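Colleague: Here is a sequence together with a model predicted from it:
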Amino acid sequence: MISTRLNRKTSSVRLEKGTSPGPVKELLRLSAPYAAPLAIACLCVVIVNAAYLVQPLILQRVIDRFLIGHAVPRGLDSIGGMALLYLAVSAAGSVFSYIQALLVARSGQNLIHHLRVRVLSIIQLLPLSYLDRTLPGKLITRATNDTSEISDLYTDVVVMLIKDVLLLGGIVYVMLSLSLKLTLVSFIVIPLIVFLVVYIKNRIQKNFYHMKHFIGKINGFIAESISGMRVIQIFRAEKEKEEQFLELNGSYFTTTLTQVRLNSILKPASDLFQNLSIAILVWYGAGKIFGGSLQIGVLYAFTTYIKQFFAPISDLADKYTSIQSALVSTERISELFREQDRLEAPEEGLPMKRLDGTIEFKHVWFAYNDNDWVLKDVSFVIEKGQTAAFIGETGAGKTTIISLINGFYRVQKGEILIDGVNVNDIRLTELRRNVSVVLQDVFLFSGTIRDNITLGDDIDDENLRNALRASCAETFVRELPGGINEPVTERGGSLSAGQRQLISFARALAHDPAIFVLDEATANIDTHTEKLIQRAVDNLARGRTTLIIAHRLSTVAGADIIIAMKNGRIAESGGSAELLKRGGYYAKLLEESRSHAAS
Ligand SMILES: Nc1ncnc2c1ncn2[C@@H]1O[C@H](COP(=O)(O)OP(=O)(O)OP(=O)(O)O)[C@@H](O)[C@H]1O
């Protein structure tokens, strides 16, 4: 039932099944809506760079023409005029820098938003067989980190890369046009600065990965310790856990210190080289100035340009690593996008609004992993409105049968018919709307009790009340301070196991399924709640085909048909009286439970 609701909510994001362009094409397509703002941002970058480059030239003119050359001021061509021009150029640089930052940030956030919705819509339609082999953490990273990295690539990295490359090119061009010799003198030290920055940045990045690794481990450790705190306390494992944590935290501490050291060394070291370069320039330039072949203003402009060199080189070193991680993220997201061909198609197949609920398994063979058969030649018929109880040892294949009825996996051999139609041909949304499953481990979402029953469907108050009454949850819900609007904490931690079961029955009843499937809880529930649950099950079973994975023989005795599973095969099946007479597996189980009760 849960998956049915989620699938239906994805309709806002259309996925075209079967059209899987290559990853690069796909990503280009995704970024297409932001092409215009990004192009404008690049244009802004050109203006900002030009402003940077022009400023030292204005000062050079002021020094050489007016302070040294004593030229006669004329209109704008005066010290005052130059000061105004300098101000106007800086102001234009600031304004366009602001516009560029805004455009980039907006496009970036829009792209992240779009990508996240897209990733989630794919995750929701992934077949269970894919989710079985994929750790949840991996998919969470796709929706969070990877989307941000890709957005950074398109916006921050690409735009800033253009800005840095243009600025560096511009500086070299202006330097060359001012003085070839001085440019060559400057370039004695500049390669050293480049080498130093790239080397230190590289080490910073490598160390950053270590920090990320350890912080991930620390988070995981804390999360696991909190969820397993009961076991830790029961087995007095606090000391052991503390020691493990100390070790982890120690590693993180060391990497953080390395990071601080590297970061603190970068600026002073590159300042040292910059100053060395300026000293060489001044020493060389002074000789030329005295010889009359160089103007003071040009030397001044060169010292400014050398200082301007540092920021883009430092940025470029950063961008290189950002591009690398963005490429990894692109590949990961594309991998997920490629799953599109295998996604469930909830709206395809035969429309069967209301099922009658006759279920037939015809020589079904099924394996989760090739040829490792979990179900072997399973055949049975459960007529509409009947109650069937599945019994058998653990791992016999009972839960698997339910997953197949719900269309979570496809069988390799044989067929499953519902109302005479192959389950693979029925439209998934309608199949799942007709089948309500209550699992042993009830899953409640954070929200209210009402949210957890309706799961976003339009169910009116009267139906809700009826569902609560028939599921025997009405009394305890009424006693809650917020009643049906009482908040439920994550996974329903604020409710008892029995209460969670009753809420899940209400959820099933409110959706009025044709087929009701119950995986009975094995956990001990007090006799009062057990009676309530039994009553709720009886209410749910009325007028519906009901399948129960039974762990209590009381449930089994009331069933129309009992199907005993053994090692993936049906060991025996039939009514309770018939099976007792036969004296097989079921009779043995009953005998065992009676002798257990007697002793
Ligand atoms: N997602 C899966 N991927 C691979 N193998 C699985 C998967 N789910 C179940 N199995 C295997 O299939 C077999 C049948 O499992 P199933 O859960 O159907 O048994 P069950 O009869 O419901 O057991 P239990 O009473 O313990 O719930 C088991 O051997 C199990 O290890």
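Modeller: Sure thing, it's come through. Residues are numbered from 1 along each chain as shown.
Colleague: Residue numbers of the stretch 101-250 of the chain in contact with the ligand?
Modeller: Residues of the stretch 101-250 of the chain lying near the ligand by C-beta under 6 Å from any ligand atom: residue 132. (C-beta placed from N, C-alpha, C; glycine too.)
Colleague: Mind telling me which residue of the stretch 1-150 of the chain is nearest the ligand?
Modeller: Minimum separation of the stretch 1-150 of the chain from the ligand (C-beta to the nearest ligand atom) falls at residue 132, amounting to 4.2 Å.
Colleague: what's the helix or strand residue 287 falls within packed up against?
Modeller: Residue 287 belongs to helix 238-291 when assigned by DSSP states H and E. Using 3 or more C-beta pairs under 8 Å, 6 or more residues apart in numbering; DSSP states H and E, the elements in contact with helix 238-291 are helix 180-227, helix 296-338.
Colleague: Pick the most buried one from those.
Modeller: Among these, ranked by average contacts under mean count of other C-beta atoms under 10 Å, first place goes to helix 296-338 (a mean of 19).
Colleague: Beyond that helix, next helix or strand please.
Modeller: strand 359-367.
Colleague: Tabulate the helices and strands packed on helix 238-291 (CSV), appending mean pLDDT and distance to residue 386.
Modeller: Putting the helices and strands packed on helix 238-291 into CSV (pLDDT from 0 to 100; distance: least, C-beta to C-beta, whole Å) gives the following:
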stretch, mean pLDDT, distance to residue 386
helix 180-227, 84, 40
helix 296-338, 79, 42
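Colleague: The closest residue to the ligand within the stretch 401-550 of the chain: how many residues sit nearby?
Modeller: In the stretch 401-550 of the chain, the residue that lies nearest the ligand is residue 549 (6.3 Å; C-beta to the nearest ligand atom). Residue 549 has 23 neighbours, counted by other C-beta atoms under 10 Å.
Colleague: What residues does it make contact with?
Modeller: Contact partners of residue 549, counting by C-beta atoms under 8 Å, 6 or more residues apart in numbering, are 389, 390, 398, 399, 402, 518, 519, 520.
Colleague: same check, this time on residue 450
Modeller: Residue 450 makes contacts with 464, 484, 485, as judged by C-beta under 8 Å, 6+ apart.
Colleague: could you measure it against residue 442, distance?
Modeller: The span separating residue 450 from residue 442 equals 16 Å under the rule C-beta to C-beta, to the nearest Å.
Colleague: now do residue 382
Modeller: Computed as C-beta to C-beta, the residue 382 to residue 442 distance reads 24 Å.
Colleague: before we move on, what about residue 218?
Modeller: From residue 218 to residue 442 the distance is 31 Å (C-beta to C-beta).
Colleague: out of the helices and strands packed on helix 238-291, nearest to residue 425?
Modeller: Closest to residue 425 of these, according to C-beta to C-beta: helix 296-338, at 26.0 Å.
Colleague: The stretch 51-200 of the chain: helices as residue ranges?
Modeller: Along the stretch 51-200 of the chain, the segments classed as helices by DSSP state H, counting those that start in this stretch run 79-125, 128-132, 136-141, 147-152, 158-178, 180-227.
Colleague: hang on, the earlier thing: quick check: of the contacts of residue 549, which lies closest to residue 121?
Modeller: Using C-beta to C-beta, these come closest to residue 121 at residue 402, 25.8 Å.
Colleague: For the residue nearest to the closest one when sequence neighbours are not counted, which three-state class applies?
Modeller: Nearest-residue entry for residue 402: residue 517, 5.2 Å, with adjacent residues in sequence omitted and distances by C-beta to C-beta, 6 or more residues apart in numbering. Secondary structure, DSSP: H, G, I helix; E, B strand; the rest coil: residue 517 is strand.
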